[in-house]
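S.K.: the following comprises the amino acid sequence and a computationally predicted model.
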Amino acid sequence: MRRRPDDEPATTTATAPTAEDETAVEAGADRPGPGADRPGPGARLVSTRLVRVIGRHIVLKGPLLAAGLTYQALFALFSALWVGFSVAGFVVAGNEVVRDELITFIQSAVPGVIKDDSGAGVVEPGALMNANVFGLTGAVALVGLVLSSIRLFGSMRDSVRTVFRAPTSSTPLLRLILRDLALAVAFGLAVVVSASLSLLSSTAVTWGLRLLGLSTTSDSAAVLLRLVGIVLVFAFDTAVLVALFRVLAGLHIPGRRLLAGSALGAAGFVLITIGGGVLLRAAGSNPLLAGFAAIVGLLLVINLLCQVLLLAASWIAVGMDEIGVLADPHAEAARLRALEEERQRAAEEARQAEARLADERRTAEARGGSRPRRLLGAVRALPARARAALPRRRDEG
């Protein structure tokens, strides 16, 4: 019985793999599977902006920088309080409302410095009211304020530039010192202006409540006045951070990112001041902690404020890294010049390529058009040659 070809057993022949087969196998081994390109939960968490901000803060020694700023800010704060209230005593002499509002504003901005009604705080308000800048103590406080302000503002500038990975400022030292002093004076004036605005806003809210026939001593009125004060402190902190990043540190930051990062840092400041006041009052009520709770709590609050300052700078820096913008003005200007030169070079190469292509088209058209013209001339000449050849053939015939 004959077998059909379909019944023949299939035989395979082993062949040696070629180089192309090995390359394909290696490529297939390196190619990720269907779900390999999906990052896991850990990778997604690490890639979030918050984790990258905290990582940058830790890698660049943000906690250590904040500790140094806390140490310098403590001395500058007490000197500024003594000198500031000495000067304010002449400016707002006889106006106890403005003076009380100034104390309230400082208590809300930096809790733990001036004692409040619960007794939580370091400095007695009455001692500040009797401060005299013309005495020996006032002179020492003034010299200490100048020196500590220069050191504090210089340290803040270097710390912020470190977070942005910007090089040390190339501005002359004397100009930096004068700028730091001018910023310190402007900061003191801003505190006075903010306290005045807080007083005006509180007066406006009270007048509005009376106009509506509502009680100004109720709990809702107190909450409304507290919210107005918090909003003013938030606006003041935002303006301070904007000036610190743009003017003091001398960094090039896009406006939208600068405002967003400063507002985020100001929100952190507000939360710390609210929580710090509650913490200090709770610690002051404990007999075991009452002796040193004020100064320790003040150090803790200042350190947290410095941490938030550097975290806000890290938040802005991470966002700028995402878009490839450099914080240092000189480096950013060099980068923009390089990009402009690259753009001009690419545009010039594109124009040269278009010119070469146009020349090739004209050359091709010229070569392709000469042959048809020769053929047309030959075709037109054929009848004349044929007429010229006719008599000759007749003569030959």
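M.R.: Thanks, I have it.

S.K.: can you give me the strands in the chain?
M.R.: Counting by DSSP state E, the chain forms no strands at all.

S.K.: mind listing the helices in it by residue range?
M.R.: Counting by DSSP state H, the chain has helices at residues 19-30, 41-46, 49-59, 62-91, 96-109, 125-129, 136-163, 173-211, 219-243, 255-284, 293-323, 329-396.

S.K.: so which of those comes closest to A249?
M.R.: The closest of those to A249 is helix 136-163. By C-beta to C-beta, the value is 4.3 Å. (C-beta placed from N, C-alpha, C; glycine too.)

S.K.: can you list the helices and strands that that closest one packs against?
M.R.: helix 62-91, helix 173-211, helix 293-323 (3 or more C-beta pairs under 8 Å, 6 or more residues apart in numbering; DSSP states H and E).

S.K.: tell me which residues in the second one are buried?
M.R.: Using 16 or more other C-beta atoms under 10 Å as the burial criterion, the residues of helix 173-211 that qualify are 176, 179-180, 183-184, 187-188, 191-192, 194-195, 198-199, 202, 205, 209.

S.K.: try the shortest one
M.R.: Of the residues in helix 62-91, those scored as buried under the neighbour-count criterion (16+ other C-beta under 10 Å) are 62, 65-66, 68-89.

S.K.: report the angle between it and helix 49-59.
M.R.: Interaxial angle, helix 62-91 versus helix 49-59 (axes from the mean of the first three to the mean of the last three C-alpha atoms, to 10 degrees): 90 degrees.

S.K.: circling back to that earlier point, which pair of the buried residues of helix 173-211 spans the longest distance?
M.R.: It's L176 and L209 that sit farthest apart of the buried residues of helix 173-211, by C-beta to C-beta, at 48.3 Å.

S.K.: helix or strand with the lowest mean pLDDT in the chain?
M.R.: helix 19-30 (a mean of 42; mean pLDDT, DSSP states H and E).

S.K.: the helices and strands packed on helix 136-163: which one's closest to G42?
M.R.: Distance to G42, taken as C-beta to C-beta, is lowest for helix 293-323 among the helices and strands packed on helix 136-163, at 19.2 Å.

S.K.: now the closest one: buried residues?
M.R.: So for helix 293-323, counting by 16+ other C-beta under 10 Å, buried means 293-294, 297-320.

S.K.: before we move on, what about stretch 215-235?
M.R.: Buried residues in stretch 215-235 (16+ other C-beta under 10 Å): A221, L224, L225, G229, L232, V233.

S.K.: so where is the stretch 151-300 of the chain shaky, pLDDT-wise?
M.R.: 195, 199, 277-294 (pLDDT under 70).

S.K.: do that again at 90, thanks
M.R.: Within the stretch 151-300 of the chain, the set of residues satisfying pLDDT under 90 comprises 151, 154, 166-233, 236-237, 247-252, 270-300.

S.K.: W82 versus the closest residue in space to E124 that isn't next to it in sequence, what's the distance?
M.R.: Closest residue to E124 apart from its sequence neighbours, by C-beta to C-beta, 6 or more residues apart in numbering: K115 at 5.8 Å. With distances taken as C-beta to C-beta, to the nearest Å, K115 is found 15 Å from W82.

S.K.: then R257?
M.R.: 38 Å.

S.K.: correct me, but S169 touches L251?
M.R.: No. Using C-beta atoms under 8 Å, S169 is not in contact with L251; the gap is 9.7 Å.

S.K.: now do the shared contacts for these two.
M.R.: Shared contacts of S169 and L251, defined by C-beta atoms under 8 Å, 6 or more residues apart in numbering, are found at R161.

S.K.: these two: which has the busier surroundings?
M.R.: L251 (26 against 19; other C-beta atoms under 10 Å).

S.K.: can you pull the contacts of the residue nearest to the more buried one when sequence neighbours are not counted?
M.R.: Counting by C-beta to C-beta, 6+ apart, A327 is the residue found nearest to L251 once chain neighbours are left out, at 4.5 Å. For A327, the contacting residues are R161, F164, R165, A166, L251, H252, I253, A317, M320, by C-beta under 8 Å, 6+ apart.
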